[in-house]
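1. Sequence first, predicted coordinates after that:
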2 protein chains.
Amino acid sequence: MAPAKSPSSQISKRRSHALAKGSSAYQERRQEIAKAATEVFNRRGFRGTSLTAVAEELNIDRATLYYYVSSKQELFDEVVREASERNVALAEQVLTGSAKPLEKVHTLVTALMKSYEEHYPLLFVYMRENLSHVETGRTAWSTQMRSLNRRYEQAIMAIVQAGIDDGSIRPTSSARVLAFGIIGMVGWTNRWFVPDRSPESAEEIGAAYADLVVRGLRR
Amino acid sequence: MAPAKSPSSQISKRRSHALAKGSSAYQERRQEIAKAATEVFNRRGFRGTSLTAVAEELNIDRATLYYYVSSKQELFDEVVREASERNVALAEQVLTGSAKPLEKVHTLVTALMKSYEEHYPLLFVYMRENLSHVETGRTAWSTQMRSLNRRYEQAIMAIVQAGIDDGSIRPTSSARVLAFGIIGMVGWTNRWFVPDRSPESAEEIGAAYADLVVRGLRR
DNA sequence: ACTGTGGTCAACACGAGTGTTGACAGAATT
DNA sequence: AATTCTGTCAACACTCGTGTTGACCACAGT
């Protein structure tokens, strides 16, 4: 990594200036960059992605990137935060609903799959990481990311626990283990599911998994 | 990356010489290195692992590593191949058995979890990767790795397909989708399951998942 | 016409990682 | 005692990625 000394270098100033007045053209270009970066992140993962690669994807010079974005971290953040927050919101929204636990599980699983498809590959980028570097970092950002992750898991655990408590779910193991089972089944899709090339729709997959899980859990 | 020009440099020769006569001390040291590397790979992933880090883990100079191992790839290979082959063998062995499909699913899930615990963190290192770099490489090694992966998936798909064919499994979606659901639930454990620190044993988790999946799939 | 500003890029300095070299001390061989 | 082998490491050469600089051109506003 380079010096990164002064919080404000030349481009850094020009960047935040452009960002401040935020012309629509500038914002659009930023979006384009974010989108291209998303593709690369999804293919190569965070560590495997170089800004050089992102620049090439857009056929622009790498230096130009820095007019829009200050670092790979920031770019990744921009790409992933919104997506992951949406994901967490989804889970927590289902959790606070009034349906029965097993219905919640069903709703959640199908909703997640639908969301994955709709926002592909945004959410997958988020899911692929976690361990790789988020777990290692001590920055404010990685702390925040871990927190989101935790809320996501916590929400699903809470749903399962409620099911165990009201007797609708057989307690074959702890709520945590069962919740991770669900998370895993759904989350693993990021390894093989590519919306456009998949013979099965996200909806079908979601329905199948939801069905599988609900039947598997219920008393 | 450095030149890597001539297939035989100085250390390269000394290394293969030492390897050829294979004194037990040398082999042991190699094992120690592999073990330390496994730890690091499991924590940081392939890309995130530097040989510098591995050397530090052992409190030796990085150059010394090269007396035992020629590259990070080779080291990773040494660590992961045996483990992944064992994994595949397990799946294929269950596949060719004579039990009913749903019994096979049950056996496989529990056996996999037990294997994960027993050989921790070897198998997890293998599972964590795949996409990250194996998918991208075009080397003979990555081809081989992909092939192993494929056989693993194929075996589980075949079991599910057999269940669909004989009517014991409800065809809520394709065998592929259902198989990946199982693989995902089990494989995702590499993100949260740490044998020594887990309140639940691998056996318990395996039993719970096997139960969940079998009940979820059967007619 | 001239001044500035928005977007671009070639070029630089630096760091981290890799694979290699050459030499060193101690043990084993002869 | 002389010689070879073993394991070690400090130091090198090189690559790749990063963040920055300074200058460039096109087009706007005055």
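-> Structure received.

2. doesn't residue B:206 make contact with residue A:177?
-> No - counting by C-beta atoms under 8 Å, residue A:177 does not reach residue B:206; the two are 10.2 Å apart. To be clear about C-beta, it is placed using only N, CA and C from the backbone, and glycine gets the same treatment.

3. which stretches of chain A have low pLDDT?
-> For chain A, residues meeting the criterion pLDDT under 70 lie at A:1-8, A:130-138.

4. what helix or strand is the residue lying closest to residue A:64 once chain neighbours are set aside on?
-> Nearest residue to residue A:64, sequence neighbours excluded (C-beta to C-beta, 6 or more residues apart in numbering or on different chains): residue A:55, at 7.1 Å. Under the criterion of DSSP states H and E, residue A:55 resides in helix A:51-58.

5. Mind listing residues that contact that helix?
-> Applying C-beta atoms under 8 Å, 6 or more residues apart in numbering or on different chains, the external contacts of helix A:51-58 come out as A:32-33, A:36-37, A:39-40, A:44, A:61-62, A:64-65, A:72, A:75.

6. does any bit of that helix sit next to DNA strand D?
-> Yes - Helix A:51-58 lies within reach of DNA strand D by C-beta under 7 Å from any atom of the strand, at A:51, A:52, A:53.

7. From the residues you listed, keep the buried residues only.
-> Those of the residues of helix A:51-58 next to DNA strand D that meet the buried threshold are A:51, A:53, by 16 or more other C-beta atoms under 10 Å in any protein chain shown.

8. want to throw the residues of helix A:51-58 next to DNA strand D into a markdown table with distance to residue A:89?
-> Listed next are the residues of helix A:51-58 next to DNA strand D as a markdown table, based on distance: C-beta to C-beta, whole Å:
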| residue | distance to residue A:89 |
| --- | --- |
| A:51 | 30 |
| A:52 | 34 |
| A:53 | 31 |
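
9. Chain A: helices as residue ranges?
-> Under the criterion DSSP state H, chain A contains helices at A:10-21, A:24-48, A:51-58, A:62-68, A:72-95, A:101-118, A:122-128, A:140-165, A:175-187, A:202-217.

10. will you turn those into JSON lines that also has distance to DNA strand C?
-> Listed next are the helices of chain A as JSON lines, based on distance: least, C-beta to the nearest atom of the strand, whole Å:
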{"stretch": "helix A:10-21", "distance to DNA strand C": "5"}
{"stretch": "helix A:24-48", "distance to DNA strand C": "4"}
{"stretch": "helix A:51-58", "distance to DNA strand C": "8"}
{"stretch": "helix A:62-68", "distance to DNA strand C": "3"}
{"stretch": "helix A:72-95", "distance to DNA strand C": "13"}
{"stretch": "helix A:101-118", "distance to DNA strand C": "29"}
{"stretch": "helix A:122-128", "distance to DNA strand C": "21"}
{"stretch": "helix A:140-165", "distance to DNA strand C": "17"}
{"stretch": "helix A:175-187", "distance to DNA strand C": "28"}
{"stretch": "helix A:202-217", "distance to DNA strand C": "35"}
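
11. nearest to residue B:99, of those helices?
-> Nearest to residue B:99, of all the helices of chain A, is helix A:202-217, at 19.7 Å by C-beta to C-beta.

12. Now do that closest one: which elements does it pack against?
-> helix A:101-118, helix A:175-187, helix B:175-187, helix B:202-217 (3 or more C-beta pairs under 8 Å, 6 or more residues apart in numbering or on different chains; DSSP states H and E).

13. Adding distance to residue A:162 and mean neighbour count, write those helices out as JSON lines.
-> Below are these laid out as JSON lines (distance: least, C-beta to C-beta, whole Å; neighbours: other C-beta atoms under 10 Å in any protein chain shown):
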{"stretch": "helix A:101-118", "distance to residue A:162": "5", "mean neighbour count": "21"}
{"stretch": "helix A:175-187", "distance to residue A:162": "9", "mean neighbour count": "24"}
{"stretch": "helix B:175-187", "distance to residue A:162": "21", "mean neighbour count": "24"}
{"stretch": "helix B:202-217", "distance to residue A:162": "17", "mean neighbour count": "22"}
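
14. Redo these as a markdown table? Include distance to DNA strand D.
-> Output for the helices and strands packed on helix A:202-217, formatted as a markdown table (distance: least, C-beta to the nearest atom of the strand, whole Å):
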| stretch | distance to DNA strand D |
| --- | --- |
| helix A:101-118 | 26 |
| helix A:175-187 | 26 |
| helix B:175-187 | 28 |
| helix B:202-217 | 35 |
